[in-house]
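Enquirer: Build the 3D model from these lines:
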Amino acid sequence: MSRRLLDIRGVTGGYGSSQALFGVDLHVDHGEVVTLMGRNGMGKTTTLRAIMGLARVWGGDIELDGDAIVGRPSHRIARRGIGYVPEGRQVFPNLTVRENLIATAANRRGAGEPWTVDRVMALFPRLDERREQYARTLSGGEQQMLSIGRALMTNPLFMLLDEATEGLAPMVREEIWSVLETNLKEAGQAILVVDRHPEAMARIADRHYVMEKGRIVWTGDSAALLADRTVQHRYLGV
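Expert: Just a heads-up that it's a prediction; the model follows:
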C-alpha cells in the first residue's frame, strides 16, 4: 500500500482578509505524479503557495511525509524536501546557467545518486549548450528548463510545478512533458503539477484534482478524466 507523502486536509486560507481556499483536501503518495487543474483564478497557485508557507493557512492541516508543516517558515519547508518551481520561472538573471544550478545544490537527504550539474545538463541538452550564458539571455522555454533543473539540484523528496508549460511553444511543452513522464516519473519522483492540458496530463500523471473557486470539485484517474467531457468543458474550458 502506498504511503502518503503530501496530505492536505480541510485547508482554508488566502491573503490578508481575502479567502481563496475553502476546505481543500488533496494528497500525493510516494512516487506519484498528481495534477491540480482548473481555470485561472481558482486557487491552484494559492494551494501551492500554502504548501510552501507563502500563503496564509487559516485552518486545516498540511503534512509532508507525516510531518506537520503549517506555520513553518518557507525556507524550512523547502529544506524539508520540497523542490518548488513557481509560476513565472524566477531564475537568477545575472547568474549563468551553471551558476544557477550550483546556487541551489544540496543533498540534505543523502541521496545515493544525487542530481548534479552534468546530470541536469543531460536531462536538458539545450541548457548544456548554454551553460555559460546568463539566465536573462535564455528563451522562456530554456528558463523553464533551468527552473526545473534548479529545483532538482536540491534533490527533493517532492516537487511542486506551477504552470510549468504556460506560454511555451508546443515543441518546448512536449520536451518538458517528456522529461516529466520518461525521466522523473519513471525514477519515482513525486510531483504535484499545476497545468491546463488534460490530454498531456492524463499521459503523465496518476491522478487528477480539479479546482473551482477554491474548492476541489472533481478527482479521478486518467481514464476517468479523459472520459468525462462534462468536467473538461465545465471546469477546464477544453
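Enquirer: Residues in contact with stretch 73-84: which ones?
Expert: Stretch 73-84 is touched from outside by 48, 51-54, 64-65, 67, 69, 72, 108-109, 151-152, 154, 156-160, 162, with contacts defined as Cβ atoms under 8 Å, 6 or more residues apart in numbering. Using the backbone N, CA and C atoms, a C-beta is placed for each residue, glycine as well.
Enquirer: Now the terminal residues of that stretch, how far apart.
Expert: 14 Å (Cα to Cα, to the nearest Å).
Enquirer: Give the buried residues for it.
Expert: Neighbour-count burial for stretch 73-84 flags 74, 77-78, 80-84 (criterion: 16 or more other Cβ atoms under 10 Å).
Enquirer: so which of these comes closest to residue 97?
Expert: Relative to residue 97, the closest of these is residue 83; by Cβ to Cβ it sits at 17.4 Å.
Enquirer: Report the beta-bridge partner residues of that closest one.
Expert: residue 159 (DSSP bridges).
Enquirer: For it, give its distance to residue 54.
Expert: Using Cβ to Cβ, to the nearest Å, we find residue 83 at a distance of 15 Å from residue 54.
Enquirer: where do the helices sit along this protein?
Expert: Ranges of helices in the chain, per DSSP state H, are 44-51, 74-79, 97-103, 117-123, 125-129, 140-152, 170-179, 198-204, 222-227, 229-231.
Enquirer: Any regions of this protein where pLDDT drops low?
Expert: Within the chain, the stretches with pLDDT under 70 are 1-2, 238.
Enquirer: Can you tell me which of the contacts of stretch 73-84 are buried?
Expert: 48, 51-53, 64-65, 69, 72, 151-152, 154, 156-160, 162.
Enquirer: can you tell which of the helices of the chain is closest to residue 32?
Expert: Of those, nearest to residue 32 by Cβ to Cβ is helix 198-204, at 11.4 Å.
Enquirer: which other helices and strands contact that closest one?
Expert: strand 33-37, helix 170-179, strand 207-212, helix 222-227 (3 or more Cβ pairs under 8 Å, 6 or more residues apart in numbering; DSSP states H and E).
Enquirer: Looking at these, spot the one closest to residue 128.
Expert: helix 170-179 (13.7 Å).
Enquirer: May I have the closest one as PDB, with CA atoms only?
Expert: Output of helix 170-179 as PDB, limited to C-alpha atoms (Å, rounded to 0.1, in the frame of the first residue of the first chain):
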ATOM      1  CA  PRO A 170       4.200  23.400 -28.400                       C
ATOM      2  CA  MET A 171       7.600  21.800 -29.100                       C
ATOM      3  CA  VAL A 172       9.100  23.000 -25.900                       C
ATOM      4  CA  ARG A 173       6.000  21.900 -23.900                       C
ATOM      5  CA  GLU A 174       6.400  18.400 -25.300                       C
ATOM      6  CA  GLU A 175      10.000  18.400 -24.300                       C
ATOM      7  CA  ILE A 176       9.200  19.300 -20.700                       C
ATOM      8  CA  TRP A 177       6.300  16.900 -20.600                       C
ATOM      9  CA  SER A 178       8.600  14.100 -21.900                       C
ATOM     10  CA  VAL A 179      11.100  14.800 -19.100                       C
END
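Enquirer: Give me the buried stretch members for it, please.
Expert: 172-173, 175-177, 179.
Enquirer: for that helix, packing partners?
Expert: Partner elements for helix 170-179 (3+ Cβ pairs under 8 Å, 6+ apart): helix 140-152, helix 198-204.
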